[in-house]
Structure formats: C-alpha cells, structure tokens
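>>> kindly return the folded structure for what I paste below:
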Amino acid sequence: MTLPKIGAPVRGSKTGRPIMVALDLLGRRSTLRILWELRAQQLTFRALQEACETNSSLLNTRLAELRSLGLVAHDEGGYGLTDEGRKLSAALAPLSDWARQWKPAAG
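Residues are numbered from 1 along each chain as shown. Here you go, the predicted structure:
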C-alpha cells in the first residue's frame, strides 16, 4: 500500500481531498491503535508491539508511514507522537466522546 498523499487518489476518493487522505490513513489496520497507545507516553518498539497486539512486520510498516507523515517520531525514549500527532489525537477526542455515548439502533 502506498503512502497516502493529499491531491492523489486514495481508497474511497479519486480527488485526494485532505479528509479522504486522513481517513484512508486512519482506516489502515493498526494505525488508530498505534496512535491510541502513544497518546499519553512514549513506548519502545517491543512495548508498542505488545500494547497493539500486532506483529512486528505490520508495526514496522505503520510506524514508517506515520513517521513519514510527521505524526510519530522516534528517539532514545522510543516512539511518541509529534506535535502534529498530538493535534490529530485531540481532533479525534470528540469522535471518541461521541462513540462512548452512541447507542446504535437495533436492527
């Protein structure tokens, strides 16, 4: 899977509008889980792999994507959110609030 890019076609959109690019990225397996696990602290690769309950190959792929897009950084303390990653986390908070109170209609 190629790195999503604004202005280029992504899953679900031929226009590459920013929101569609973001949704493509966030819809990739384990991406939201990685962002969730890094929301409060840095984690080493092993700790992040355990927290995400995923394999090392997928985690490496997602971390490379998130690093390339400037959402995650790596330093001597491990992996953590960048300023832009923290902005994304904050932007997702209202969605999380909504989901907690959501009661889907039976059907």
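
>>> can you pull the buried residues of the lowest-mean-pLDDT helix or strand in the chain?
Using mean pLDDT, DSSP states H and E, helix 18-26 stands out as the lowest-scoring helix or strand of the chain, at a mean of 92. Neighbour-count burial for helix 18-26, counted by 16 or more other CB atoms under 10 Å, picks out 20, 21, 22, 24, 25. (Glycine included, C-beta is placed from N, CA and C.)

>>> the first one and residue 13 touch, don't they?
Yes - taking CB atoms under 8 Å as the definition, residue 20 is a contact partner of residue 13 at 3.5 Å.

>>> the longest helix seen in the chain vs helix 18-26, what angle?
Secondary structure of the chain per DSSP state H: the longest helix is helix 83-101. Relative orientation of helix 83-101 versus helix 18-26 (axes from the mean of the first three to the mean of the last three CA atoms, to 10 degrees): 80 degrees.

>>> hang on, the earlier thing: which single one of the buried residues of helix 18-26 is nearest to residue 96?
residue 22 (15.7 Å; CB to CB).

>>> quick one on the thing from earlier: for the longest helix of the chain, which positions count as buried?
Under 16+ other CB under 10 Å, the buried positions of helix 83-101 are 85, 88, 89, 92.

>>> where does the protein have low pLDDT?
Filtered on pLDDT under 70, the chain yields the residue ranges 107.
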